[in-house]
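Student: Make a model of this:
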Amino acid sequence: MSPTLLWLAIELSLAWTFMRPAALFLQAPGFNGGKLEIKSIPEGANISINGRSIQQLTDVTFVVSPATYKVAVTGGPGHLNCPATPVTVTTGGVAAVTCTASGWQK
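Tutor: Numbers count the residues shown, from 1 in each chain. Modelled structure (predicted):
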């Protein structure tokens, strides 16, 4: 497989992971994921995960594979600026972060 096709496959996999509804995971037998909950005060800020912009605004919960993700929240009604912070999701766990005008609250 060419490097271009491999990179495209990786990007599509990541996009699918972050964009598919949580209900798909919850119905999958044997899925050992956890939840990544990203909030902001006020709601409606932009999200990026692992350096990639997500097409959903805060507040949102993703069902993801256990791993450490770098989450950043910016903009929105509060003109927020919470730089990338590592958030570790465990099997069956809920990892929650909240971005405020004064920074991250974990």
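Student: Residue 71 belongs to a helix?
Tutor: No - counting by DSSP: H, G, I helix; E, B strand; the rest coil, residue 71 is not found in a helix; it is strand.
Student: center of the chain, which residue is that?
Tutor: residue 49 (5.1 Å; Cα atoms, centre = their mean).
Student: Which parts of this protein are strands?
Tutor: 34-40, 46-49, 52-57, 60-64, 67-75, 80-89, 94-100, 103-105 (DSSP state E).
Student: what sits up against the last one?
Tutor: Read that as strand 103-105. 82, 85, 97, 98, 99 (Cβ atoms under 8 Å, 6 or more residues apart in numbering). Bear in mind the C-beta positions are built from the backbone N, C-alpha and C, glycine included.
Student: ok, it: who's next to it in the sheet?
Tutor: If you go by DSSP bridges, strand 103-105 pairs up with strand 94-100 (antiparallel).
Student: From the chain's centroid, how far away is stretch 57-77?
Tutor: Stretch 57-77 has its average C-alpha position 3 Å from the chain's average C-alpha position, going by Cα atoms, centre = their mean, to the nearest Å.
Student: CA atoms only for it, dumped as PDB, please.
Tutor: What follows is stretch 57-77, C-alpha atoms only, in PDB (Å, rounded to 0.1, in the frame of the first residue of the first chain):
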ATOM      1  CA  LEU A  57     -18.900  21.900  19.500                       C
ATOM      2  CA  THR A  58     -18.700  21.500  23.300                       C
ATOM      3  CA  ASP A  59     -20.500  20.000  25.300                       C
ATOM      4  CA  VAL A  60     -20.100  16.500  23.800                       C
ATOM      5  CA  THR A  61     -19.200  13.000  24.800                       C
ATOM      6  CA  PHE A  62     -17.400  10.500  22.600                       C
ATOM      7  CA  VAL A  63     -17.100   6.800  23.000                       C
ATOM      8  CA  VAL A  64     -13.500   5.900  22.200                       C
ATOM      9  CA  SER A  65     -10.900   3.300  22.500                       C
ATOM     10  CA  PRO A  66      -8.800   3.300  25.700                       C
ATOM     11  CA  ALA A  67      -5.900   5.700  25.100                       C
ATOM     12  CA  THR A  68      -4.500   9.000  25.900                       C
ATOM     13  CA  TYR A  69      -5.900  11.800  23.800                       C
ATOM     14  CA  LYS A  70      -4.600  15.400  23.500                       C
ATOM     15  CA  VAL A  71      -7.700  17.600  23.800                       C
ATOM     16  CA  ALA A  72      -7.800  21.400  23.000                       C
ATOM     17  CA  VAL A  73     -10.800  23.700  23.200                       C
ATOM     18  CA  THR A  74     -10.900  27.200  21.700                       C
ATOM     19  CA  GLY A  75     -13.200  30.000  20.600                       C
ATOM     20  CA  GLY A  76     -16.900  29.900  21.000                       C
ATOM     21  CA  PRO A  77     -19.100  32.400  22.900                       C
END
